[in-house]
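Undergrad: whatever this is, show me its structure:
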Amino acid sequence: MPVLRDSLLLAFLGSTVLCVALGPWAIRRLQIRRWLQPLRHDDCPPLQTLQRAKQGTPTMGGLLVAGVAAAVAIGFGGLSQPEGWWVLGTILSLGAVGVMDDVLKLRASNATGLKCRPKLLAALVVGGGVGVMSSSPELGYQRVVVPWLGSSLELGWWWVPLAALIVAGSAHAVNLTDGMDGLASGCLALAFGALGLYAALERGQGLVAVWCASLAGSCVGFLWFNSAPASVFLGDVGALSLGAALGVLALLAHAALGLVILGGIFVAEALSVMLQVASYRWRNQRRIFRVAPLHHHFQLGGVAESKLVVRFWIIGLVLAALGFSALSHS
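TA: Numbers count the residues shown, from 1 in each chain. Okay, the predicted model is just below:
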């Protein structure tokens, strides 16, 4: 355990320091390539006004975050088992979808990017692939811990659909959360940290813990530049790849149900969008929120962005601790 503890600390610190060190170079490269945040013209006018100040900020910084995290995790044995390749493959696959989405946003006149359905389908396919590869009974991944109940569920053939749902849901929930300076990256660092501690302390899964530590550290390092006022944004390449990685690691740690708690900020953001769309369609175009996702609802209500982000971080920290406790007592 001391060896694993030291490895996790070094992976976390290594990712953090490397991300901070490479950040200025990465931002310059993004500026040279003119990969700058566009303005969506189909947003509501008040939201357009709030977002106009962000126009022209370098985006696709997720390439740095995911790249540093993967490199450090690999350096600490992240590919020593097949499961590590599943995590890396997920990051690369959804990262490629994110790159395509970001590039289309940069080139399109309305910054719309890919449609939702192709992105959702790609995430479902990747998640389903991970589910198939991990479905062998000998591997033992088909068992999911039930928070607080002290028991677990053997899912059998339900494992593959669950894996597809968790990976796709996590990727898109993080993508929806990525709308304010430091919001998604800070909440991701908390979720990865809590999941990594659970994998290391409660399950003894060193490989999963190393990936979580590396990803958490990279997100913390990125916050050096992504905190308000942001010098760079994650972009869809970062939000989709990191969100999907969170989902896969939760599956490998038998914590798919616990992810709903320790990643509760992402769940709330996704639910706000779904409820808003359902209400608009089925309640004669009436809305529940001023605008969705949830963080923009509060922003249009008059809460300053920096204060709102810190409050979400506080809630995310509480939920991460609560999720860790719920899983540890199961």
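Undergrad: helix or strand for the residue nearest the centre of the chain, which one?
TA: The chain has residue 243 as the residue nearest its centroid, 2.7 Å off, counting by Cα atoms, centre = their mean. According to DSSP states H and E, residue 243 maps onto helix 235-252.
Undergrad: ok, the residue nearest to the centre of the chain - contacts?
TA: With contact taken as Cβ atoms under 8 Å, 6 or more residues apart in numbering, residue 243 is in contact with 94, 170, 171, 172, 173, 174, 175, 188, 266. Just so you know, the C-beta spots here come from the backbone N, C-alpha and C atoms, and that holds for glycine as well.
Undergrad: let's see that with 7 Å instead.
TA: Residues in contact with residue 243, defined by Cβ atoms under 7 Å, 6 or more residues apart in numbering, are 170, 171, 173, 174, 175.
Undergrad: also residue 233?
TA: Contacts were defined as Cβ under 7 Å, 6+ apart; by that measure residue 233 touches 37, 57, 59, 61, 226.
Undergrad: let me see the contact set for the closest residue in space to it that isn't next to it in sequence.
TA: Computed as Cβ to Cβ, 6 or more residues apart in numbering, the closest residue to residue 233 that is not its neighbour in sequence is residue 59, at 4.4 Å. Residues in contact with residue 59 (Cβ under 7 Å, 6+ apart) are 35, 36, 37, 102, 233, 235.
Undergrad: let's have those in CSV, adding distance to residue 12.
TA: Converted to CSV, those look like this (distance: Cβ to Cβ, whole Å):
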residue, distance to residue 12
35, 28
36, 31
37, 29
102, 27
233, 23
235, 23
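Undergrad: redo these as CSV? Include distance to residue 112 and pLDDT.
TA: Shown next, in CSV, are these (distance: Cβ to Cβ, whole Å; pLDDT from 0 to 100):
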residue, distance to residue 112, pLDDT
35, 17, 93
36, 16, 91
37, 14, 87
102, 12, 93
233, 17, 96
235, 15, 94
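Undergrad: just give me the closest of these to residue 319.
TA: residue 233 (23.7 Å; Cβ to Cβ).
Undergrad: and the top helix by length along the chain, what's buried?
TA: Using DSSP state H, we find that the single longest helix of the chain is helix 2-32. Judged by neighbour count (16 or more other Cβ atoms under 10 Å), helix 2-32 contains these buried residues: 7-8, 10-12, 14-16, 18-20, 23, 26-27, 30.
Undergrad: can you give the distance of it from its chain's centre?
TA: Its chain's average C-alpha position is 17 Å from that of helix 2-32, according to Cα atoms, centre = their mean, to the nearest Å.
Undergrad: check which helices and strands it is in contact with.
TA: Packing partners of helix 2-32 (3 or more Cβ pairs under 7 Å, 6 or more residues apart in numbering; DSSP states H and E): helix 62-75, helix 183-201, helix 206-226.
Undergrad: sorry, back to before: quick one: the helix holding residue 243 to helix 183-201, angle?
TA: 20 degrees (axes from the mean of the first three to the mean of the last three Cα atoms, to 10 degrees).
Undergrad: CA atoms of helix 235-252 as PDB?
TA: Extracted in PDB, the C-alpha atoms of helix 235-252 (Å, rounded to 0.1, in the frame of the first residue of the first chain):
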ATOM      1  CA  GLY A 235     -13.500  22.300 -25.800                       C
ATOM      2  CA  ASP A 236     -15.600  19.300 -26.700                       C
ATOM      3  CA  VAL A 237     -12.400  17.300 -27.200                       C
ATOM      4  CA  GLY A 238     -11.700  17.700 -23.500                       C
ATOM      5  CA  ALA A 239     -15.200  17.400 -22.100                       C
ATOM      6  CA  LEU A 240     -16.200  14.400 -24.100                       C
ATOM      7  CA  SER A 241     -12.900  12.400 -23.600                       C
ATOM      8  CA  LEU A 242     -12.500  13.200 -19.900                       C
ATOM      9  CA  GLY A 243     -16.200  12.600 -19.200                       C
ATOM     10  CA  ALA A 244     -16.100   9.200 -21.000                       C
ATOM     11  CA  ALA A 245     -12.900   8.300 -19.100                       C
ATOM     12  CA  LEU A 246     -14.700   9.000 -15.800                       C
ATOM     13  CA  GLY A 247     -17.500   6.700 -16.900                       C
ATOM     14  CA  VAL A 248     -15.100   3.800 -17.800                       C
ATOM     15  CA  LEU A 249     -13.100   4.100 -14.600                       C
ATOM     16  CA  ALA A 250     -16.300   4.100 -12.600                       C
ATOM     17  CA  LEU A 251     -17.300   0.900 -14.400                       C
ATOM     18  CA  LEU A 252     -13.900  -0.700 -13.700                       C
END
